[in-house]
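Undergrad: here is the input, now give the coordinates:
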Amino acid sequence: MSTAEGGPAPGRDDQFFRKLVEASQDFIVVIDHEGKVTYVSPSMQRVLRFEPAQIYGHSAFEFIHPEDHETAQRALADELAGTQPAWYIDVRLLTAEGEWIPVEVKGWLDRSGESPRVIVHARDLRWRKTMERLISEQDAWMRALVAASPLAIITVDTALMVRSWNPAAERIFDWKSEEVLGLPLPVLPEGQPEERDLLWNAINGGKRFDAYPTRRARRDGRLIDVNVSVAPIRDTEGRITGAIKLVADTSQQRALDRQFQQSQSLDTAWRLAGAIAHDFNNLLATILTSAELLLEEMPGGSQSRADVESIIGATARARELTHRLLGLGRRPQHRVPRIEVGAALQGQIPEIRDRVDRQIRVESAISDEEAFVLVDPDQLRQLVDHLAQNACDAMPHGGTLTIESTPVLLDRDTAVGDARIRPGEYVLLAISDTGEGMSPETVARAFEPFFTTHDDGRHQGLGLATVYAMARQLGGGIAIVSVPDVGTTVRVYLPRVEREPARRVSGESRSLIGDLVPAERPTILLVEDDGTLRAAIRRALLQAGFEVLDAAGGAEALVVNETHPEKIHLLVTDVVMPDVSGRVLADRLRALRPELKVLYMSGSSAETFRANGGLGSREAFVQKPFTPSALVGAVRGLLEFL
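TA: Purely as a prediction, here's the structure:
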């Protein structure tokens, strides 16, 4: 039976509502006007674990947490006074296990009986509180992640108005969040609408874009390199409500990439220059040797003699240039001395003062702290001379040249302008001038071999290229800071090392040059792969009174050795040859002729040669290109004194 409205028949109301209450996950509590419990629904036992008999007749406040009493009493008093017909409060209730659990309570006053009573509807909030806590923790984690992210994280709505702007966005673009929230995106440069199109595509088409390389504007108007990723934001029903974009500042990385690519290009140019110089050195040696021999046959005071002397002078200047080119492609030395930079500079600065223009004032700022580096003294002197000369060239009308040195510690956050320099302890050598300065475009090319801004024919463009090569060979780096019409500072960073314990040095240096040829006519085995140079050296040695056997390489030299049973006093050999090196050839011949002496020829310096293997007790070295007299002197000294 049912009513016309479709509800249960009046006679069955009690049974229907009882089943409804018993099946509910929530529970019902009835409290009389004295605050005692007169009824609890069966669901209460599932939640609080109390038997109904443990509850009936007890004050409801016995089961409410003491800290929540005031809240419950105020709600109950308001309802009994008729000022609040229904109320909602959150309290903690006691379980049979002694645990306090959170519940939501709704109460209302029932006056249908003889005395008023309060009906309470209670809902267990543990699951909801757990979810709220998890959501809160997740929200806190997400906020912390967004705040700590190195990427700029920006959200916009469908009108492209900024909705969020994290700390990285503030750091990268220099706008505070309060300055951009609710406003159009401020970082889009004029004339570059592509990011606006990306955002519109993300919003309207639901598309995403990852790591899109572009440039964006900072607050000061400066454009920086960035990678932009864009994705749509959807609500719970899948509707697009905006877009999120992640912006990575790649300006520093791209600058380092450009520096690295430039240094790779420079390394290739230096190796090529060194290789060309090595071959050119042999040509110069031929020219110089032949010119010296020709000069001996020229009558004094003749025009022909003057012409030959001019050839020799020009060749000598060309020799200096090739030595500088060879320095560009030279490998680092394996054994070099420890040099105290401050002391070395203190000895060199007076020499620089003496030779610079009087309009240029030379100042110094040398640290009192001892700082040692592994470098050949001549190489360090050459490095400083190159930088000082460059600085003086930039001050044709006078100025101030400042030479500084101090120990420094470079970490990963220290930018020195050289992409390949590693963190660590260095000695900073800085040369500054108050001259013309350089534009950024000129600075970018300053280390290129043969690049020069001077068109007077005197500058070969090798000064800074040589300094860069030296710094890289020594494991350091170099940076240029220059402002047009203000001046330039070149900073060279050389790895710092500890002081080396003092060593005792014994013995005396031996002279390589003698005046007499022994009574016995010595036999020399000459090995040089350059035929023209070999012929010139052979002629010089023959004129000096030596017997000469010659070969174009190591293999041919071994054949000549086998076919010559008589004694060979001296091997004169090039160091670098196509088939076998001069050192390997010397070792093989000495296995057959233990008393054989060796004179090495090379375009490298003597210091470099000694550092890469050294010289034995019966060995000497002569640097190309050389004059016939220098070669003959080295041969005589080796034969007579070693």
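Undergrad: how far off centre is stretch 363-370?
TA: Taking Cα atoms, centre = their mean, to the nearest Å, one finds the center of stretch 363-370 at 28 Å from the center of the full chain.
Undergrad: what mean pLDDT does the host helix or strand of residue 128 get?
TA: Taking DSSP states H and E as the criterion, residue 128 maps to helix 126-148. Along helix 126-148, the predicted local confidence has a mean pLDDT of 85.
Undergrad: from the contact counts, what lies against the following helix or strand past that helix?
TA: Using DSSP H and E, the helix or strand that follows helix 126-148 in sequence is strand 152-157. Using 3 or more Cβ pairs under 8 Å, 6 or more residues apart in numbering; DSSP states H and E as the contact test, the elements touching strand 152-157 are strand 162-165, helix 167-173, strand 240-249. C-betas here are computed from N, CA, C, even on glycine.
Undergrad: any chance of those in JSON lines, plus mean neighbour count and distance to residue 188?
TA: Output for the helices and strands packed on strand 152-157, formatted as JSON lines (neighbours: other Cβ atoms under 10 Å; distance: least, Cβ to Cβ, whole Å):
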{"stretch": "strand 162-165", "mean neighbour count": "19", "distance to residue 188": "12"}
{"stretch": "helix 167-173", "mean neighbour count": "19", "distance to residue 188": "11"}
{"stretch": "strand 240-249", "mean neighbour count": "20", "distance to residue 188": "11"}
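Undergrad: just the CA trace of stretch 544-551, in CSV.
TA: Presented in CSV, the C-alpha positions along stretch 544-551 are these (Å, rounded to 0.1, in the frame of the first residue of the first chain):
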residue,chain,number,x,y,z
ALA,A,544,133.9,21.6,-43.3
GLY,A,545,136.1,18.6,-44.0
PHE,A,546,133.8,15.7,-43.1
GLU,A,547,133.1,12.5,-44.9
VAL,A,548,129.3,12.4,-45.5
LEU,A,549,126.9,9.4,-46.1
ASP,A,550,123.3,10.5,-46.7
ALA,A,551,119.9,8.9,-46.7
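Undergrad: where does the residue nearest to residue 492 when sequence neighbours are not counted fall, helix, sheet strand or coil?
TA: The shortest distance from residue 492 to any residue other than its chain neighbours is 4.5 Å, reached at residue 429 (Cβ to Cβ, 6 or more residues apart in numbering). Classification of residue 429 into helix, strand or coil gives strand, according to DSSP: H, G, I helix; E, B strand; the rest coil.
Undergrad: and the helix holding residue 128, what other elements does it pack with?
TA: Contacts of helix 126-148 with other secondary structure elements, assessed using 3+ Cβ pairs under 8 Å, 6+ apart, are made with strand 100-110.
Undergrad: contact partners of the strand it packs on?
TA: Strand 100-110 is contacted from outside by 47-48, 65, 72, 75-76, 79-80, 82, 85-95, 116-126, 129, using Cβ atoms under 8 Å, 6 or more residues apart in numbering.
Undergrad: what do you get for stretch 423-433?
TA: In this structure, residues lying in contact with stretch 423-433 by Cβ under 8 Å, 6+ apart are 341, 345, 371-373, 383-384, 387-388, 390-392, 394-395, 399-412, 414, 476, 487-496.
Undergrad: tell me which of these fall in strands.
TA: With strands defined by DSSP state E, the entries of the contacts of stretch 423-433 inside them are 372-373, 399-410, 487-496.
Undergrad: of the residues you listed, buried ones?
TA: Among the ones in strands among the contacts of stretch 423-433, those classed as buried by 16 or more other Cβ atoms under 10 Å are 372-373, 399, 401-408, 410, 487-496.
Undergrad: residue 363: how many residues sit nearby?
TA: Other residues within reach of residue 363 by the criterion other Cβ atoms under 10 Å amount to 12.
Undergrad: since that was my last question, I'll sign off now.
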